[in-house]
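Visitor: Predicted structure and sequence below. I'll ask about it afterward.
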Amino acid sequence: MLSLFMHGIVIASPYDSFKALYEMMGTERFQSHLWITTKRIFMGIFWGGLAGFILGLLAGIKEDIKNLLEPMRWSLMSVPPIVAVVIAMLWFGMGSTMVVFVSGIILSPIVYVNTVKGMEMVDKGLLEMGRIYKLSLWLKLKHVYIPAITGPLTAAMVIVTAMGVRIVIMAEVLGASEGIGYAMSIASATLKIPELFAYVIVGFCIVGITEFLVLGPIRDYVLRWKGGHQ
Amino acid sequence: MIQFKQVKKKYNNLEVIQNLSFIIHKNDVVGILGPSGVGKTTILKMIAGILTPESGTIISHVKRIAYVFQEPRLLPWKTALDNVAIPLLPLGYNYKQAKEKAAEWLGKMGLRGYEGYFPAQLSGGMIQRVSLARAFAIEPDTLLLDEPFSALDVRLKEVLLNMIKEQLKAAPITVLYVSHMPEEVVRIANRIFMLFPEGTMEEMSVNIGESFKDFLKDAFYKPHAGDAGLACNDTKQRESYACM
Ligand SMILES: Nc1ncnc2c1ncn2[C@@H]1O[C@H](COP(=O)(O)OP(=O)(O)OP(=O)(O)O)[C@@H](O)[C@H]1O
Ligand SMILES: [Mg+2]
């Protein structure tokens, strides 16, 4: 709609964008960008998610650990992503390590907070039951805490995925020589607007595919106990 | 043996238990009666060690306790079978053995065929029976039952009461059985504790025969002669057997 009123150089029409996307899709260059970005997104979500989850579990079990981690996640959450990219570029240079590091460091606090909150909300009655029946910490984690937090956590993962895609692409725009973000920065520098928007569509698709084809089935499986019928 | 010596328990400012003293010997089957809100669950929780009294002492020689909670407290994300099997794991069973034992107890509770069901797929009475199976499966030396039959129909209650009775005959254990229903309690208890709303307790004789319910009604009212506050106009009180 917007593109009807604005000049073609600023915003591309859906037709031009899809046409550019179609033309790009066959090229080897595009496929390698897509592959690299996808890999970075998954790595960022995986490492950030894992770190946030494990630290969240520890914080949920031990108050001391939580008191220690709380200021850290506060400061991490208040660092603007762009600053994180600049700092990470100083540390790791350009490329995959930097991109994965930045997305991990920005995503982990979200997973951490959701894990801690989820653990605080675990049914006290079930914890009492665990105590009476002498379940070890490991059994309590495995059968009480972790299943109880998977619900809120899968919701958080939807946000984390969408953010992960944006952060990886942003980090690539600023400091990578491969990947969708890098290709976008080239397209915008050379004023190939339809191509730029074609990459935006690719971003949509990555979010959509991870949410519906990866997270959805995982959520349905882990929350199958909520369902009515066998 | 479980002994309470002048145990007091308060929640904030609410004095629930005052100066409670009793001794329960090994393999006693004790029925605990009393209207809603007198502190029956509170006593069981103190015995189980999940609540500590404000003052007084609790001496307990209990080794392995099983607790059938008033609300069944099953893990909603685990099947009936796993709910019974998981408490067996800390006792040294491997998962396979635990599942076999769990299946056996679910069978005894009349739940054969429901092993793979999640709690959300079971009826209230079935959930209570899973909770009973979980308690018996660990082979406790002390069993705390907090109104375990409240969601069961008369016939099933009968079947399970008989089953528990048989079980206790075969392998005697200490049982504390909380209920609103005197007629249920007399079926298996060899001692009966009666709790009163002001936080005191009296032990009743079990062999009073048919007029038992009337007797309890009287006993319930005696200490409160002239106490209008205890009349059955309070809904909470009316639910109790004394007002039936
Ligand atoms: N965690 C708590 N915090 C504050 N008050 C509580 C708590 N648990 C119980 N109480 C209060 O203590 C009193 C006794 O509770 P308890 O659960 O022991 O009663 P009960 O005899 O088991 O009743 P019912 O037959 O209805 O189960 C009640 O007045 C209740 O409001
Ligand atoms: Mg109770």
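Guide: Thanks, I have it. Ligands and ions are numbered 1, 2, ... in the order given.
Visitor: Against chain B, how distant is the closest residue to A:Ile167 other than its chain neighbours?
Guide: Counting by Cβ to Cβ, 6 or more residues apart in numbering or on different chains, A:Ser103 is the residue found nearest to A:Ile167 once chain neighbours are left out, at 4.6 Å. C-betas here are computed from N, CA, C, even on glycine. From A:Ser103 across to chain B, the span is 30 Å (Cβ to the nearest Cβ, to the nearest Å).
Visitor: In which helix or strand does A:Ser103 reside?
Guide: helix A:96-120 (DSSP states H and E).
Visitor: List the buried residues for that helix?
Guide: A:96, A:98-116, A:118-119 (16 or more other Cβ atoms under 10 Å in any protein chain shown).
Visitor: Quick one: mean pLDDT for the helix or strand A:Thr37 falls within?
Guide: In this structure, A:Thr37 is located in helix A:28-61 according to DSSP H and E. For helix A:28-61, the mean per-residue pLDDT is 92.
Visitor: immediately after the helix holding A:Ser103, which helix or strand?
Guide: Criterion used, DSSP H and E; the element after helix A:96-120 is helix A:124-132.
Visitor: Pull the CA coordinates from that following helix and hand them back as PDB.
Guide: C-alpha atoms of helix A:124-132 as PDB (Å, rounded to 0.1, in the frame of the first residue of the first chain):
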ATOM      1  CA  LYS A 124       3.900 -25.600  45.900                       C
ATOM      2  CA  GLY A 125       1.700 -28.600  46.400                       C
ATOM      3  CA  LEU A 126       3.700 -30.600  43.900                       C
ATOM      4  CA  LEU A 127       7.000 -29.500  45.600                       C
ATOM      5  CA  GLU A 128       5.600 -30.700  48.900                       C
ATOM      6  CA  MET A 129       4.700 -34.000  47.300                       C
ATOM      7  CA  GLY A 130       8.300 -34.200  46.000                       C
ATOM      8  CA  ARG A 131       9.600 -33.600  49.400                       C
ATOM      9  CA  ILE A 132       7.400 -36.200  51.100                       C
END
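Visitor: next SSE after it?
Guide: Counting by DSSP H and E, what follows helix A:124-132 is helix A:137-140.
Visitor: buried set for the helix or strand just after that next one?
Guide: Once the chain leaves helix A:137-140, the next helix or strand it forms, by DSSP H and E, is helix A:146-175. Of the residues in helix A:146-175, those buried by neighbour count under the rule 16+ other Cβ under 10 Å are A:146-151, A:153-154, A:156-157, A:160-175.
Visitor: Kindly report the same for stretch B:186-193.
Guide: For stretch B:186-193, a neighbour-count test (16+ other Cβ under 10 Å) marks B:186-189, B:191-193 as buried.
Visitor: cool, and stretch B:10-29?
Guide: B:16-18, B:20, B:24, B:28-29.
Visitor: And for stretch B:110-123?
Guide: By 16+ other Cβ under 10 Å, the buried positions in stretch B:110-123 come out as B:110-111, B:114-115, B:117-119, B:121-122.
Visitor: Let me know the closest of these to A:Leu21.
Guide: B:Phe118 (44.6 Å; Cβ to Cβ).
Visitor: Quick one, grab the pLDDT at the residue nearest to the closest one when sequence neighbours are not counted.
Guide: Distances taken as Cβ to Cβ, 6+ apart place A:Trp225 nearest to B:Phe118, at 4.3 Å, with adjacent residues excluded. pLDDT recorded at A:Trp225 is 83.
Visitor: Confirm that A:Trp225 sits in a helix.
Guide: Yes - the assignment for A:Trp225, made by DSSP: H, G, I helix; E, B strand; the rest coil, places it in a helix.
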